[in-house]
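Q: return atomic coordinates for the entry below.
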Amino acid sequence: MNETLTKSHRDRQRDATAEIILDAVGRCLEDVELAELTFTQVARMAGLGERTIYRYFPNKEALLDGWWRAHKARLGQDAFPDTLAALLDFPVKAFPAFDEEAEIMRGAVLSPQGRAMTLSRNEERQAAIRRAVQAELGPEASAEMVLTVCASVQLIQSATAWLTMRDYWDLKGDQSGQIARRAIQAIFTAARNGIL
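A: Model prediction:
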């Protein structure tokens, strides 16, 4: 049955209010850094009282976590790639999307709060990458080889790599996404040929 039909009016209203709050967080982050974000700013941007914000998100950590998860889902990144094809496609899709919210992504990459949000899901991301690498390289691949490929792929497909290529090479997301894709493919080819 359709989820919208099975939810009560109160649940739909609660979801809509949470969405308004998280949208306001994103709009605030266009003008302020993560560390400077306040509940007062979010409430003003959302057109809600501060108490309402606290009712949905009891502290800044919960607010930013909620925003980060919604932001990732909006960018099509609610699940981490866990196959070679998905690893290759990820930067091609993600990096242009990062360009669309470049200042927010910059804050997420460079701020302590952004780092904390990223690290909070790192084990899940590493497990997905490891599944893809082990499936592709097979059981005969050494633990050191698997680790080398996993760590390299995570770096190359990260928002940090996108930001580095944007800032230091003046590349747009579609360009850096293609470069990251080719680099990931080269790493797998080198690993399969035993030259990594």
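Q: list the contacts of the one residue sitting closest to the centre of the chain.
A: What sits nearest the mean C-alpha location of the chain, by C-alpha atoms, centre = their mean, is residue 72, with 4.8 Å. By C-beta atoms under 8 Å, 6 or more residues apart in numbering, the residues touching residue 72 are residue 78. Yep, even glycine has a C-beta here, placed from its N, CA and C like the rest.
Q: residue 108 now?
A: Contact analysis of residue 108 by C-beta under 8 Å, 6+ apart lists 34, 68, 114, 117-118, 159.
Q: buried sites along the one helix or strand the residue nearest to the centre of the chain maps to?
A: Using DSSP states H and E, residue 72 sits in helix 60-74. Of the residues in helix 60-74, 63-72 count as buried by neighbour count, 16 or more other C-beta atoms under 10 Å.
Q: ok, now stretch 158-172?
A: 158-163, 165-166, 171.
Q: just for the protein, where's the confidence low?
A: In the predicted model, the chain carries pLDDT under 70 at residues 1-6.
Q: same thing but at 50, please
A: 1 (pLDDT under 50).
Q: sorry, back to before: take the buried residues of helix 60-74 and write them to TSV, including distance to residue 98.
A: Shown next, in TSV, are the buried residues of helix 60-74 (distance: C-beta to C-beta, whole Å):
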residue	distance to residue 98
63	22
64	18
65	19
66	20
67	16
68	14
69	17
70	16
71	11
72	11
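Q: turn the buried residues of stretch 158-172 into TSV, including distance to residue 90 and secondary structure.
A: Below are these laid out as TSV (distance: C-beta to C-beta, whole Å; DSSP: H, G, I helix; E, B strand; the rest coil):
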residue	distance to residue 90	secondary structure
158	10	coil
159	11	helix
160	14	helix
161	11	helix
162	11	helix
163	16	helix
165	15	helix
166	17	helix
171	17	coil
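Q: out of the residues you listed, the closest to residue 129 would be?
A: residue 158 (10.9 Å; C-beta to C-beta).
Q: what segments of this protein are helices?
A: 3-6, 9-28, 39-46, 50-56, 60-74, 84-100, 102-110, 112-120, 122-137, 143-156, 159-169, 173-192 (DSSP state H).
Q: contacts only, for the closest residue to residue 84 other than its chain neighbours.
A: Of all residues not flanking residue 84 in the chain, residue 136 sits nearest, at 4.8 Å (C-beta to C-beta, 6 or more residues apart in numbering). Neighbour list for residue 136: 84, 188, 192 [criterion: C-beta under 8 Å, 6+ apart].
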